[in-house]
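Asks: the sequence isn't on hand, but the structure is:
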């Protein structure tokens, strides 16, 4: 796992340096720097506005009594998108701008939802290696009994 992450981060960094050098050689250093800053500013504003829209969708779904699974995954994707857009470089900016497209982000979220196991077992829960699980507070044993409220009794 560590080796894969190392290769991904090193590969992306080297690719970013290569693209920045090529673009800088073609249009110049200052325009390249300006373009990287401009994409970060525009991307951050777009992530913020889409994030607010997504929060409204989550609230709407929860008000309807539905689990906003896709919207939560899209929210996580927006966080990643923000990180990609703030990271200097054109490759990460292009990837971030692609993830800003609601149709692309929605399709990826649907794909993730289709491949994730959700298991519901009770009232309390959390993530496990199999996905989201809910742990039961009891062992489903039914105990029959009677009760009376002391408040209901009149004190004479």
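Replies: Cool, got the structure. Every value quoted in this text rests on a predicted model; they were computed, and no experiment measured them. Residues are numbered from 1 along each chain as shown.

Asks: measure residue 55 to residue 49 for me?
Replies: Separation of residue 55 from residue 49 (Cβ to Cβ, to the nearest Å) stands at 11 Å. Bear in mind the C-beta positions are built from the backbone N, C-alpha and C, glycine included.

Asks: which of the three states applies to residue 25?
Replies: Residue 25 falls in the helix class when you classify it by DSSP: H, G, I helix; E, B strand; the rest coil.

Asks: please tell me how far it sits from residue 39.
Replies: Applying Cβ to Cβ, one obtains 19 Å for the distance of residue 25 from residue 39.

Asks: for residue 30, same thing?
Replies: Taking Cβ to Cβ as the criterion, residue 30 is separated from residue 39 by 15 Å.

Asks: for residue 92, same thing?
Replies: Following Cβ to Cβ, the distance that separates residue 92 from residue 39 is 9 Å.

Asks: do the same with residue 80
Replies: Noted for residue 80: a distance of 16 Å to residue 39, by Cβ to Cβ.

Asks: more crowded one of residue 25 and residue 39?
Replies: For residue 25 versus residue 39, neighbours defined as other Cβ atoms under 10 Å are more numerous around residue 39 (20 against 10).

Asks: surely the more buried one and residue 91 touch.
Replies: No - in terms of Cβ atoms under 8 Å, residue 39 does not count as a neighbour of residue 91; the distance is 11.4 Å.

Asks: what touches both of those two?
Replies: Overlap of the contact sets of residue 39 and residue 91 (by Cβ atoms under 8 Å, 6 or more residues apart in numbering) is empty.

Asks: and residue 33, how many neighbours does it have?
Replies: If you count neighbours by other Cβ under 10 Å, residue 33 ends up with 13.

Asks: kindly apply the preceding question to residue 105 instead.
Replies: By other Cβ under 10 Å, the residues close to residue 105 number 21.
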